[in-house]
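*Asks:* give the three-dimensional model of this entry:
(one chain, ligands or ions: 2)
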Amino acid sequence: MDYEKLIKICINLASQGEGNVSPNPLVGCIILDKVGNIISNGYHKKCGEAHAERDALLKLKNDEARDGTLIVNLEPCSHYGKTPPCADLIIEKGIKRVVIGMRDVNPIVAGNGIKKLKNAGIDVIENVLESECRALNEVFIKNMTEHKTFTAIKTATTLDGKIATSTGSSKWITSQSARREVKKIRNRYDAILTSSGTVLADNPVMLHRKKIIIDRNLKTDFKNSQIYKNGEIYVFHDKNLHAENFGNITFCPAPIDGNKVNLEFVLNKLYEYGIMSVLIEAGGHLNGEALKYADKIYHFIAPKIVGDNKALSCYDYRAIDNIEEAELFQIRDVKAYPPDILITLTR
Ligand code: AOF
Ligand code: ZN
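*Replies:* Numbering: from 1, shown residues only. Ligands and ions are numbered 1, 2, ... in the order given. Predicted coordinates for the structure are as follows:
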């Protein structure tokens, strides 16, 4: 049986929950009958709703899953959370074998689901396509193991790393197909984060459920800037004000680091607010400051060259002498969005 292929199907099913399951993991599940035909599938659709295993099992009539195989990208849970334990339901339905992509990193589950299944005499196969399963749930893993918000940067530049000319001309560097992909990437993140500089320079809409703006001196136009017209918004500043709500905007005071709002403070606050992942889309100063916290970078490159050293760079935050001080990332993926490309990097 090609379990890797089946786990891949689970990963694709799980991805349908993107944008809706946070703070829960992305989980997909398929069920094979005793001769190996796929007879059901399911995925976790929304936080608070059925887990993937329950979704797939409850589509079947009473005895249909008996002696079958359940395939799932994350260890079935063993605890009573917002829903009852999936391991119990799997046992009750008479499943004979469970194939798992990765162990759950949630300490309440971590191996207990597998133990429960084995104690009931179920054959458990672990770690099938594990690294792909871990990549799928990179946000959940960071949250559970480090208690921190998963932080990513998205930038779109020319071949020479520029995001605008010296006069600020930047629309558009990348093509429509690349920009369409950006919308899909945004949807995977609980919030997007930008700076007053970007709001003032570009007046972007940045359509999203939650938006974070770093605006130290509260100099953006809260009435008229496009970005404030929708979504739940948090503005971090250093005015002597208490945290306050005005309509959809929450104003959050933050300490200063040098002459900038302390980014680590902001990211820690986001986790307190229940924001499990954030995509930073800003200019070179904030992007640069964010690099040391970045778990991931989405770097779109257009086949264009500006060739002007006064043009604005995607990372512009320090002076170094030695090339060994450069920030180091690993290229995980390169995809074409003709005529542009997207390079995805992680640590
Ligand atoms: C999910 N979906 O398909 C699986 C999960 O609060 P609850 O009851 O939704 O439980 C959430 C935990 O359950 C989650 O942190 C993870 O450890 C485990 N498995 N969660 O949301 C699923 N299989
Ligand atoms: Zn569960």
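*Asks:* just the strands in the stretch 1-150 of the chain please.
*Replies:* Secondary structure of the stretch 1-150 of the chain (DSSP state E, counting those that start in this stretch): strands located at 28-32, 38-43, 69-74, 97-102, 123-125, 150-157.
*Asks:* for ligand 1, find the nearest of the ones you listed.
*Replies:* Of all these, strand 69-74 sits nearest to ligand 1, with 5.2 Å by C-beta to the nearest ligand atom. C-beta coordinates here come from the backbone N, C-alpha and C atoms, glycine included.
*Asks:* near ligand 1 at all, the closest one?
*Replies:* Yes: using C-beta under 6 Å from any ligand atom, a contact is recorded between strand 69-74 and ligand 1, made by Leu74.
*Asks:* in that strand, which residues are buried?
*Replies:* Burial within strand 69-74, assessed by neighbour count using 16 or more other C-beta atoms under 10 Å, is assigned to 69-74.
*Asks:* up against ligand 2, what does the chain have?
*Replies:* Within the chain, the positions lying close to ligand 2 (C-beta under 5 Å from the ion) are 51, 77, 86.
*Asks:* you'd agree the second one is up against Ile90?
*Replies:* No: under the criterion of C-beta atoms under 8 Å, Cys77 makes no contact with Ile90, lying 10.3 Å away.
*Asks:* before we move on, the earlier item: which of the residues of the chain next to ligand 2 has the most neighbours?
*Replies:* Highest neighbour count within these, by other C-beta atoms under 10 Å: Cys86, with 31 neighbours.
*Asks:* I'd say that one and Ile114 touch.
*Replies:* No: taking C-beta under 8 Å as the contact criterion, Cys86 and Ile114 are not neighbours in contact, 11.7 Å apart.
*Asks:* what's the overlap in contacts for these two?
*Replies:* Residues touching both Cys86 and Ile114 (C-beta atoms under 8 Å, 6 or more residues apart in numbering): there are none.
*Asks:* would you mind naming what in the stretch 51-200 of the chain lies close to ligand 1?
*Replies:* 51-52, 74, 77, 81-83, 86, 104, 106, 109.
*Asks:* could you look up the SS state of Thr174?
*Replies:* At Thr174 the chain is in coil, as set by DSSP: H, G, I helix; E, B strand; the rest coil.
*Asks:* who's in contact with it?
*Replies:* In this structure, Thr174 makes contact with 156, 300, 302, 337, 340, judged by C-beta under 8 Å, 6+ apart.
*Asks:* OK, contacts around the fourth one?
*Replies:* Residues in contact with Tyr337 (C-beta under 8 Å, 6+ apart) are 174-175, 177-178, 180-181, 300.
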